[in-house]
Each structure stands twice: as C-alpha cells, then as structure tokens.
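Engineer: What shape does this take:
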Amino acid sequence: MSSPITLKVLFFASAREAVGGTSSISLELTADGDAPLDTKLLRSKLASLYPKLASLVKDKENLTLALNEEYVPMDEVWLLKNGDTVALIPPISGG
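Structural biologist: Numbering: from 1, shown residues only. A predicted model of the protein is given here:
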C-alpha cells in the first residue's frame, strides 16, 4: 500500500454546487496495493465522497482537471504527489 498524500482540491461553478457550495477541501488520497496515486484515482475518490458530483467528475469530456495550474489533457492520467493542488473546472457557458 502506498503512503497517503494530501491534496488541495478546488471546486468551480457546477462542481462547487455539487459539493454543497464548498470552494476547496483538503483531501487525503491513498491507493490500494500498488495502484498509482493519480488523477484517475482522484476522480473515483471524489465521486464516492460526493454522489452529486459523480456524473460530472467521471465525465472526462465535461470536466477539466488542472494540476498545479496546468490543464490535464482529457486523454491523460497524471501522477499526484503530496501537496498538489487540483482544480475541477466544469464547462463554462456564456451568452
């Protein structure tokens, strides 16, 4: 089992609404066995912690992740380390 890491997770727009209006949390992330601590695991953990966020966080095409202010391309999975900041950025519509 890998050592747990602590991340800062930022929620914007509809992601913030889905978690009850919270703008950020500190989240401890631990992987089972030899599984990597990565953005895929983070999406899964957030979906289980916040059921109203699950459909959004599991849809890679409609929720952009930013890791330490750098966008994570939707077809990539990035490794996470202790102290990282991850932002959940849903689509923004305007008119």
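
Engineer: Show the backbone phi and psi for the closest residue to Ser3 other than its chain neighbours.
Structural biologist: The shortest distance from Ser3 to any residue that is not its chain neighbour, by C-beta to C-beta, 6 or more residues apart in numbering, is 7.8 Å, and that residue is Thr30. Using the backbone N, CA and C atoms, a C-beta is placed for each residue, glycine as well. Phi and psi for Thr30, reported as degrees, to the nearest 10, are phi -130, psi 140.

Engineer: Kindly tell me how buried Thr30 is, as a neighbour count.
Structural biologist: Per other C-beta atoms under 10 Å, the neighbour tally for Thr30 reads 13.

Engineer: tell me the contacts of it?
Structural biologist: 1-5, 37 (C-beta atoms under 8 Å, 6 or more residues apart in numbering).

Engineer: ChimeraX command for the buried members of those residues?
Structural biologist: Restricted to the buried members of these, where burial is judged by 16 or more other C-beta atoms under 10 Å, the ChimeraX selection command reads as follows:
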select :5,37
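
Engineer: Now do stretch 8-18: distance from first to last residue.
Structural biologist: As for stretch 8-18, its first-to-last residue distance stands at 17 Å under the measure C-alpha to C-alpha, to the nearest Å.
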